[in-house]
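> no sequence for this one, just the structure:
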């Protein structure tokens, strides 16, 4: 099982990624070892997770979410 997730960074931006273990990945982001983007901006909150059956589906969904506008991402998070 894979998960697509959205994190809010301390500067207010949203970061989207995929993982097999949301808790572990969140801890990596908090420690600054997960991605250059979140390391530079810091993380504030894990806002959204969405399960996917496999890596391919998760990657495709990540790509779809990354193409959304900020407003559309906020609507997805609030749904």
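Done, it's in. Bear in mind the structure is a predicted one, so any value in this text is a computation, not a measurement.
> residues contacting residue 9?
If a contact means C-beta atoms under 8 Å, 6 or more residues apart in numbering, then residue 9 has 15, 37, 38, 41, 42, 43, 44 as its contacts. Quick note: C-beta positions are derived from backbone N, CA and C, even for glycine.
> restricted to helices, list those residues.
When DSSP state H is applied, those are split such that 37, 38, 41 fall in helices.
> who are the contact partners of the last one?
What it means is residue 41. 9, 10, 11, 13, 15.
> again with residue 43
Neighbour list for residue 43: 7, 8, 9, 10, 15, 26, 29, 30 [criterion: C-beta under 8 Å, 6+ apart].
> of those, which pair is most distant in space?
10 and 26 (14.5 Å; C-beta to C-beta).
> show me which of these two is the more surrounded one.
More neighbours surround residue 26 than the other of residue 10 and residue 26, with 18 against 11 (other C-beta atoms under 10 Å).
> sorry, back to before: please tabulate the contacts of residue 41 in a markdown table, including the columns secondary structure.
Output for the contacts of residue 41, formatted as a markdown table (DSSP: H, G, I helix; E, B strand; the rest coil):
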| residue | secondary structure |
| --- | --- |
| 9 | strand |
| 10 | coil |
| 11 | coil |
| 13 | coil |
| 15 | strand |
